[in-house]
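Chemist: Sequence first, then the predicted structure, then my questions.
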Amino acid sequence: MKNHYKLLLALIAGIGLGAVAHPYQDTNWLQQVNNNLMVPTGQIFLRLLFMIVVPMVFSALVLGVFDLARHQGVGKIASKTLMYTIIASTFSVLIGIGLVNFFRPGDGFKVDTSIYETSKANVDTISANAKNSKTFAQAVVEIIPKNPLEAAVRALEGEMLSLMFCALFFGFAFYLYQKSAGGKELKIMDIFDEIFNASLKIVEVAMKIAPYAVFCIVFNTAFKFGLSIFESLFYFSAVVVGGLLIQQFVVYALLLKFVAKRSPWKFFSDSKDVMLYAFSTSSSNACLPKSIEVAENKLGLTPSISRFVLTVGATANQNGTALFEGVTVLFLAQVFGVALDMGQQVQVVVMCIIAGIGTAGVPGGSLPLIMIIMNGVGIPAEGIALILGVDRFLDMCRTTLNVSGDLVIAALVDDKKAAK
């Protein structure tokens, strides 16, 4: 059986068996199986992937920038990446806000204040993170790390941009050094290449347990929350998922067809493995190693370009997250009867685009930024508790779009035109 069929089967089996076991979650032996088998298996798989994110990101960016500087130019690739990222993010937010204004899922929604008490700890944590957010000036300054090793240690906790800046700068510095040395061969680049290839080998090892890990991760979610995690707040969830589908199969498909000159169907078919990983893990960072492998081996993208775009995109190209943030803010405004005029909605659009670029590529990374946007337009911060019950499921959906979007942007930036 092909791997993507195994993953799909594992996904369906995990949801089904987890939902069946949910009513009996207080049964001791089921808890033991979940806690001592399902959770550890899923975590081992995720940790194998997270383990190589830092060495892979650093080596991929150094190699990518070094090669681009020698051949095609970093500035051109970076500017095209930024341009397509902003275009795709703008479309995603406008789609989300258009849908929520048309269907108005928050109208008539009865606010159950008891949810604030049951979710108080989560809301307080998210609120604290939002209040501790940096000003724009601070954020710009702190992109440059004082200590690259500290940035590497904290990379998966929100400091990925600092690590990426360090790698970008080193890659370009190696190019300048080689140029000043008369084209001297840099042996350290071979070391970075070997680190990158060794990281890919670890990916191969991790993929051997992927179907079992996906089953365990999804089983654990369904076992704890039941099918209610996929059913509650149905209309809100339907608007989010509908927007994500339009972005995926209309916006991305049109960009692939008319800009990248590729067959959208073949592109999505070749990317299905990594999209399933994204849905299961809810983490762009965890999917990065597999995304790079798919880009080079299945999509035939130029390695220097794909490594650059995908590693930057794992943090900077969060189309699904931007769409989700826009829908959530307007939905909660409707719930609380906060009328947002056109100017305020434009403000939400701009903030969501910027927030989408700065969201950490980890599960739940968008929630503090949503609270910041809510505070900016006068929506009660406690309202975020309303969507926490379905956030895990929607996080799985929007991460899939984020990861797929990274691959689409890489294809758009790549000058090499693939045959249809």
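Modeler: Thanks, I have the structure now.

Chemist: what about Ala333, how many residues close to it?
Modeler: Under the neighbour criterion other CB atoms under 10 Å, Ala333 is assigned a count of 23. Using the backbone N, CA and C atoms, a C-beta is placed for each residue, glycine as well.

Chemist: Test my guess that it contacts Ile379.
Modeler: Yes: with contact defined as CB atoms under 8 Å, Ala333 counts as touching Ile379 (5.3 Å).

Chemist: per-residue confidence at the closest residue to Ala411 other than its chain neighbours?
Modeler: For Ala411, ignoring the flanking residues on the chain, the nearest one in space by CB to CB, 6 or more residues apart in numbering is Ala260 at 4.5 Å. Confidence at Ala260, expressed as pLDDT, is 92.

Chemist: Next, give phi and psi for Ala260.
Modeler: Reported as degrees, to the nearest 10, the phi and psi values for Ala260 are phi -80, psi -10.

Chemist: how far away is it from Glu293?
Modeler: Using CB to CB, to the nearest Å, Ala260 is found at 20 Å from Glu293.

Chemist: so what's the nearest residue to Gly378 once chain neighbours are set aside up against?
Modeler: Distances taken as CB to CB, 6+ apart put Val338 closest to Gly378, at 5.9 Å, once the chain neighbours are dropped. Val338 is in contact with 332, 377-379, counting by CB atoms under 8 Å, 6 or more residues apart in numbering.

Chemist: Among the residues you listed, which lie within helices?
Modeler: Leu332 (DSSP state H).

Chemist: what's in contact with stretch 241-248?
Modeler: 88, 91-92, 95-96, 99, 268, 319-320, 323-324, 327, 394, 397-398, 400-401, 404-405.

Chemist: ok so, going back, more crowded one of Ala260 and Glu293?
Modeler: Ala260 (23 against 18).

Chemist: how far away is that one from Asn297?
Modeler: 18 Å.

Chemist: coming back round to it: got a quick PyMOL command for the buried subset of the contacts of Val338?
Modeler: Per 16 or more other CB atoms under 10 Å, the buried members of these correspond to this PyMOL selection:
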select buried, resi 332+377+379
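
Chemist: Confidence-wise, which of the contacts of Val338 comes last?
Modeler: Val377 (75).

Chemist: Without its sequence neighbours, what residue ends up closest to it?
Modeler: Closest to Val377 by CB to CB, 6+ apart is Gln344, at 5.2 Å.

Chemist: okay but the one you found is in contact with Met374, surely?
Modeler: No: assessed by CB under 8 Å, Gln344 is found out of contact with Met374, at 11.7 Å.

Chemist: The two: which is more packed in?
Modeler: Met374 (24 against 17).

Chemist: Quick check: the more buried one touching Gly383?
Modeler: Yes: counting by CB under 8 Å, Met374 sits close enough to Gly383 to count as a contact (6.9 Å).

Chemist: Need the residues touching each of the two.
Modeler: Leu332.
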